[in-house]
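1. here's a sequence, model it:
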Amino acid sequence: MFWLVTSSIVAAFMAVTMIFVRLKASKKPASTKKIILPPLFMSTGAFMFLFPVFRVSWMQVLEAVLVGVVFSIFLIKTSKFHIRGDAIYLIPSKSFVFILFALLLARIIMKLVIGANIALGETSGMFFLLAFGMIVSWRLAMLYKFKKLEKKMEYASG
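-> Numbering: from 1, shown residues only. Okay, the predicted model is just below:
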């Protein structure tokens, strides 16, 4: 129970941090680098799978990644860009905060259910994969939208 509470507090802290990062990011122009780097930085967490306690079966990998992709749909729908001057900006969404906390609540509930049947290490591995699947699919969709607007800007300028 201690690890469940601790990991939930850490996840809530990360969610609040994401809200502030997202609000700050909307004040500066977006770029390909800013979209691509977060999943690359997060990918280093995959080193956890070097340790047997965190390893999961291929079916669990598939399940976790698919749930992450499904969760990302909410983030994809609320991530919109607009052209301001000669740059592209992320539009801050009022629903982003609520979606982020709803996803956090869903993850905590899932962790309670899954954690009752699967070892802590495996649960940790699955939730890393869920989060990674979510951020990669979300950021790929953002990159697609960004590049589409970038081409529109290039076409309009000449």
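2. which strands and helices sit next to the worst-scoring helix or strand of the chain on mean pLDDT?
-> Of all the helices and strands that make up the chain, helix 2-25 has the lowest average by mean pLDDT, DSSP states H and E, namely a mean of 77. Identification of packing neighbours for helix 2-25 by 3 or more C-beta pairs under 8 Å, 6 or more residues apart in numbering; DSSP states H and E yields helix 96-115. (Each C-beta comes from the backbone N, C-alpha and C, glycine too.)
3. after the helix it packs on, heading C-terminal, what element do we hit next?
-> Using DSSP states H and E, the helix or strand that follows helix 96-115 in sequence is helix 120-157.
4. mind listing what's buried along that following helix?
-> Of all the residues in helix 120-157, those buried under the rule 16 or more other C-beta atoms under 10 Å are 122-139, 141-142, 145-146, 149-150.
5. and it, what does it pack against?
-> On a contact count with 3+ C-beta pairs under 8 Å, 6+ apart, helix 120-157 meets helix 32-42, helix 58-78, strand 80-84, strand 87-91, helix 96-115.
6. what separates that helix from the chain centre, distance-wise?
-> Here the centre of mass of C-alpha atoms in helix 120-157, compared against the chain's by C-alpha atoms, centre = their mean, to the nearest Å, lies 7 Å away.
7. low pLDDT regions in this structure?
-> Within the chain, the segments meeting pLDDT under 70 span 1, 4, 158.
8. enumerate every residue touching the most centrally placed residue in it.
-> Nearest to the mean C-alpha position of the chain, counting by C-alpha atoms, centre = their mean, stands I135 at 3.0 Å. Contact analysis of I135 by C-beta atoms under 8 Å, 6 or more residues apart in numbering lists P38, P39, M42, G68, S72.
9. cool, L129 as well?
-> With contact set as C-beta under 8 Å, 6+ apart, L129 has these partners: V56, Q60, V61, A64, V65, G68.
10. pick the one among the residues you listed closest to V16.
-> For the contacts of L129, the closest approach to V16 (C-beta to C-beta) belongs to G68, at 20.4 Å.
11. shouldn't the closest one be in contact with M126?
-> No: with contact taken as C-beta atoms under 8 Å, G68 and M126 are classed as non-touching, separated by 9.9 Å.
12. picking that back up, so how far is the least confident helix or strand of the chain from its chain's centroid?
-> 12 Å.
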